[in-house]
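[1] give me the fold of what follows.
(one chain, ligands or ions: 1)
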Amino acid sequence: TDMSQSGRHKVVVCRDLGPDAMSLLKATPKLDLVVWPHDRGCDRTWLLDNVPGSTGLVVMLTDKVDSEILGRAGPSLKIVSTMSVGYEHIDLKAAAQSGLKVGYTPDVLTDAVADLSVMLALMASRNIGIATALAREGQWPNHPWSPFTLCGPQLSTIASSPTRKVGFVGFGRIAQATLARLVPFGITHCLYSSNPSSPTNHERDAELARAYKLQSVTKVDVDELARESDFIFVLAPGGRDTYHIINEKFLKQMKRTGILVNASRGTLVDSDALAKALREGWIWGAGLDVVEGEPSVTIDHPLVKEPRCIIIPHVGSATLETRTAMAVRVAQNLIAGILGGSMPAQVDL
Ligand code: DGY
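    Model prediction:
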């Protein structure tokens, strides 16, 4: 039945969004909410069964929104609202063809992910995976303090090592927020590479360098970025354009003391190449919040087995404050998308 004819709108919600966002949705007149009742990823069959006749659809990055789902939803569907800044799980072309609006959650998670990126850089460089395992396994007595045990490369500058170059693969909101956090560490140079089709913004770069008292902020190609950077942060969107940007060639060019952090999408990094790079000592360490093929990352995964790899299960935005803000943004996008009015954050299709 086409609910919109009755003036009501069916909204399929693939996960409980928590009290703030759910009460916003419940307080909106004329919405009939159909909410996935479990505290785990929504089953695709449940979604396929429930999506017909809906006006709005709320998804997570784990829910694939493809032409099958859109076809099943039918012409009543007006808006897809995702609780993520990334949207490679949504077939945007099909969405555009169906005349849909797509809402997402940029900005509200920028700081949380930038915080975590710095954390991963510190953890990977300071051997924190190995160090915490040692303490937990009762090995501390066998490893008392000694001059060079568990030493690693330092993120901050020091008089004897006054230059620190950080590289960003992707230089959007999260990368720039990460850069801002690194300034007090005394970093001296910022290199970045980004979408080749986006024009170089020399003025912005000069302004950043001035504001942060850096010797330079420079757009470079990925080879130069790999060669020159002490710490590399991968913070670019997923999808076909960025697939395996970090590959064997890239990793071979990195410094042997180099650190690689990925807090964007697993698909940007070739996992086998990275495992080899760590195993053979091409680079010092890696900090990963995302891994290609997640969540199927088990203890026999080559990266999980690498002691120099800090690996955590996609928790970049997982602060109480940020997840609440994301959920509220999802509800606001959805409500605006259904009732008309401008959405707080809409993807350009
Ligand atoms: C996103 O929003 O795309 C992140 O991966 C999860 O917060």
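
[2] check whether residue 114 really touches residue 178, as I assumed.
    Yes: assessed by Cβ atoms under 8 Å, residue 114 is found in contact with residue 178 at 4.4 Å. For every residue, glycine as well, the C-beta is placed using N, CA and C.

[3] contact partners of stretch 122-138?
    Outside stretch 122-138, the residues that touch it by Cβ atoms under 8 Å, 6 or more residues apart in numbering are 140, 143, 150-155, 231, 259-261, 284-287, 307-310.

[4] got a quick ChimeraX command for the buried subset of those?
    Selecting only the buried entries of the contacts of stretch 122-138 in ChimeraX, with 16 or more other Cβ atoms under 10 Å as the criterion:
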select :152,153,154,155,231,259,260,261,284,285,286,287,308,309,310
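
[5] give me the pLDDT value at residue 341.
    With respect to pLDDT, residue 341 scores 87.

[6] quick check: it vs residue 328, distance?
    As judged by Cβ to Cβ, to the nearest Å, residue 341 and residue 328 stand 16 Å apart.

[7] where's residue 198 relative to residue 170, distance?
    Distance from residue 198 to residue 170, by Cβ to Cβ: 11 Å.

[8] what about these two, which has more around it?
    Set residue 198 next to residue 170 and count neighbours by other Cβ atoms under 10 Å: residue 170 wins out with 20 against 10.

[9] and residue 341 and residue 328? which has more neighbours close in?
    Set side by side, residue 341 and residue 328 show more neighbours around residue 328, with 19 against 9, by other Cβ under 10 Å.

[10] stretch 251-266 near the ligand at all?
    No: Stretch 251-266 lies out of reach of the ligand by Cβ under 6 Å from any ligand atom, never closer than 7.3 Å.

[11] how far does that stretch stretch from start to finish?
    One end of stretch 251-266 sits 16 Å from the other (Cα to Cα, to the nearest Å).

[12] just the strands in this protein please.
    Counting by DSSP state E, the chain has strands at residues 9-13, 31-35, 56-59, 79-82, 101-103, 165-169, 189-193, 216-219, 231-234, 259-262, 285-288, 309-311.

[13] any chance of CSV for these, columns mean pLDDT?
    Output for these, formatted as CSV (pLDDT from 0 to 100):
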stretch, mean pLDDT
strand 9-13, 98
strand 31-35, 98
strand 56-59, 98
strand 79-82, 98
strand 101-103, 98
strand 165-169, 98
strand 189-193, 98
strand 216-219, 98
strand 231-234, 99
strand 259-262, 99
strand 285-288, 99
strand 309-311, 98
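
[14] in CSV, list the ones you listed along with distance to residue 347.
    Below are these laid out as CSV (distance: least, Cβ to Cβ, whole Å):
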stretch, distance to residue 347
strand 9-13, 19
strand 31-35, 22
strand 56-59, 13
strand 79-82, 9
strand 101-103, 4
strand 165-169, 22
strand 189-193, 23
strand 216-219, 25
strand 231-234, 22
strand 259-262, 23
strand 285-288, 26
strand 309-311, 29
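
[15] and of these, who's closest to residue 204?
    Set against residue 204 and scored by Cβ to Cβ, those come closest in strand 216-219, at 8.3 Å.

[16] sort out which residues of the closest one are buried, please.
    In strand 216-219, counting by 16+ other Cβ under 10 Å, buried: 217-219.

[17] do the same with stretch 39-57
    Using 16+ other Cβ under 10 Å as the test for burial, stretch 39-57 gives 42, 47, 50-51, 53-57.

[18] kindly report the same for stretch 21-37.
    For stretch 21-37, by 16+ other Cβ under 10 Å, it's 21-22, 24-25, 28, 31, 34-36.

[19] circling back to that earlier point, in helices only, show me the buried residues of stretch 39-57.
    47, 50 (DSSP state H).

[20] got TSV for the buried residues of stretch 39-57, with distance to the ligand too?
    Output for the buried residues of stretch 39-57, formatted as TSV (distance: Cβ to the nearest ligand atom, whole Å):
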residue	distance to the ligand
42	16
47	19
50	23
51	22
53	28
54	23
55	24
56	19
57	17
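
[21] and which of the buried residues of stretch 39-57 is nearest to residue 292?
    Of all these, residue 292 sits closest to residue 42, with 22.2 Å by Cβ to Cβ.

[22] was I right to think the closest one contacts residue 63?
    Yes: contact criterion Cβ under 8 Å: residue 42 and residue 63 qualify, at 5.9 Å.

[23] enumerate the residues of the stretch 51-200 of the chain near the ligand.
    Residues of the stretch 51-200 of the chain lying near the ligand (Cβ under 6 Å from any ligand atom): 61, 84-86, 109.

[24] residue contacts, the residue in the stretch 101-250 of the chain that the ligand sits nearest to?
    Nearest residue of the stretch 101-250 of the chain to the ligand: residue 109, at 5.3 Å (Cβ to the nearest ligand atom). Neighbouring residues of residue 109 by Cβ under 8 Å, 6+ apart: 85, 316-317, 322, 325-326.
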